[in-house]
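J.: Quick one, fold the following:
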Amino acid sequence: MTVHDIRSFNRFYTNLIGALDYGRHLYAPYTLTESRVLYELAHSPRTDAADLRAELSLDAGYLSRILAKFEKEGLIERAASERDTRRRQVTLTARGRETAALLDERSSQAVASLLGAVPAGERPRLAEAMHTVRELLSSGRPPRPEDVVLREPRPGDLGWMVQRNAALYAAEYGWNTDHEGLVARIVADFAEDHNPHLERVWIAELDGRPVGCVMCVRDAAPATSRLRLLLVEPDARGLGIGDRLVRACIDFARGVGYRDLVLWTNDVLTAARRIYQRHCFVLVAEKPHRSFGADLVGQDWRLALHEDAG
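T.: Predicted coordinates:
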């Protein structure tokens, strides 16, 4: 391979992406760079201006003008960073989140249209080729927390949640297919009947593949939401994904007005319990039971989302 080969590929791919982004006006009235900033604000765990500038390799003045435009349009809010008061924390408003979600949806539709021209039998080869390019050009760099994005589920992701929950808990704890049946019912109930304004699923994605998930749904108790199906793939642990998923669930539940967030888990799931404790969940009850082919101790945890929740 020569420098010419890489530059030739870059021109081809740049033209391809340009046709997607501009020929179909996906990001109007935003430029591709502005859309990238919105995407980072919606998905990255680091959202102060200095981090954005470094992550996107943008000139400080250029980024400042983009953020000023977003602030004027009500898409973002800026305040002193909690980590360093010399830095400026940038967060999306509700309108900003809606805008970022719309752009993400349009981009997904455009890529789906592009894939439509690729025969189904050739798509695994395409995916493998793209993975190979990323792997070889990353020089063996290990994944970083900021490489992980949280997104809404796409077609097939809910099925992935069932399969991975069943496989992981069978491998790590020896649970039988009763557990898979329970997860399948939970996911099916969500897929068939959920209120998108009050219930949500997050998928954690790393290098184009799902590596974690969590669900926030309505509970039977009034003004109460329930966290369900928290999972992180073994090879993606240590990147803070579980914390980010739980935090996303908490922020969503609080933002839509739930008073409490509750969950049920088992005492053998020590890593998950530590995450819940870090986020101030309180153990309110526990009871021995036999489920999934194992003797377990079930635990109920609760988080009061508002100071007046009692």
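J.: which ones are touching residue 261?
T.: The contact partners of residue 261, by CB atoms under 8 Å, 6 or more residues apart in numbering, come to 216, 224-227, 249-250, 253-254, 281, 302-303, 305. Placement of C-beta: from N, CA and C, glycine included.
J.: So among those residues, which ones count as buried?
T.: Burial by neighbour count, judged by 16 or more other CB atoms under 10 Å, picks out 216, 224-227, 249-250, 253, 281, 302-303, 305 from the contacts of residue 261.
J.: and of those, the nearest to residue 141?
T.: residue 249 (29.6 Å; CB to CB).
J.: would that closest one count as being in a helix?
T.: Yes - looking at residue 249 with DSSP: H, G, I helix; E, B strand; the rest coil, it is inside a helix.
J.: what's the closest of the contacts of residue 261 to residue 65?
T.: Using CB to CB, the contacts of residue 261 come closest to residue 65 at residue 254, 32.6 Å.
J.: hang on, residue 157 packs against residue 210?
T.: Yes - judged on CB atoms under 8 Å, residue 157 makes contact with residue 210 at a distance of 6.1 Å.
J.: Which residues are in contact with each of these two?
T.: Both residue 157 and residue 210 are contacted by residue 203, under the criterion CB under 8 Å, 6+ apart.
J.: So for these two, which residue has more residues nearby?
T.: Between residue 157 and residue 210, counted using other CB atoms under 10 Å, the more crowded position is residue 210 (20 against 16).
J.: my guess is that one meets residue 231, correct?
T.: No - counting by CB under 8 Å, residue 210 does not reach residue 231; the two are 9.6 Å apart.
J.: any common contacting residues for these two?
T.: Counting by CB under 8 Å, 6+ apart, the common neighbours of residue 210 and residue 231 are residue 164.
J.: Okay, now the unreliable bits of the protein?
T.: Applying pLDDT under 70 to the chain picks out residues 1, 17-28, 45-46, 81-85, 139-140, 307-310.
J.: if you count residues, which helix in it comes out on top?
T.: helix 94-115 (DSSP state H).
J.: Just the CA trace of that helix, in PDB.
T.: Taking Å, rounded to 0.1, in the frame of the first residue of the first chain, the C-alpha atoms of helix 94-115 are listed here in PDB:
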ATOM      1  CA  ALA A  94     -34.300  19.700  25.900                       C
ATOM      2  CA  ARG A  95     -34.600  21.400  22.500                       C
ATOM      3  CA  GLY A  96     -30.900  20.600  21.900                       C
ATOM      4  CA  ARG A  97     -31.500  16.900  22.700                       C
ATOM      5  CA  GLU A  98     -34.400  16.800  20.300                       C
ATOM      6  CA  THR A  99     -32.400  18.400  17.500                       C
ATOM      7  CA  ALA A 100     -29.400  16.000  18.100                       C
ATOM      8  CA  ALA A 101     -31.800  13.000  18.000                       C
ATOM      9  CA  LEU A 102     -33.400  14.200  14.800                       C
ATOM     10  CA  LEU A 103     -30.000  14.600  13.100                       C
ATOM     11  CA  ASP A 104     -29.000  11.200  14.300                       C
ATOM     12  CA  GLU A 105     -32.200   9.600  13.000                       C
ATOM     13  CA  ARG A 106     -31.700  11.300   9.600                       C
ATOM     14  CA  SER A 107     -28.100  10.100   9.400                       C
ATOM     15  CA  SER A 108     -29.100   6.600  10.200                       C
ATOM     16  CA  GLN A 109     -31.700   6.700   7.500                       C
ATOM     17  CA  ALA A 110     -29.200   7.900   5.000                       C
ATOM     18  CA  VAL A 111     -26.700   5.100   5.900                       C
ATOM     19  CA  ALA A 112     -29.500   2.600   5.700                       C
ATOM     20  CA  SER A 113     -30.300   3.800   2.200                       C
ATOM     21  CA  LEU A 114     -26.700   3.400   1.300                       C
ATOM     22  CA  LEU A 115     -26.600  -0.100   2.600                       C
END
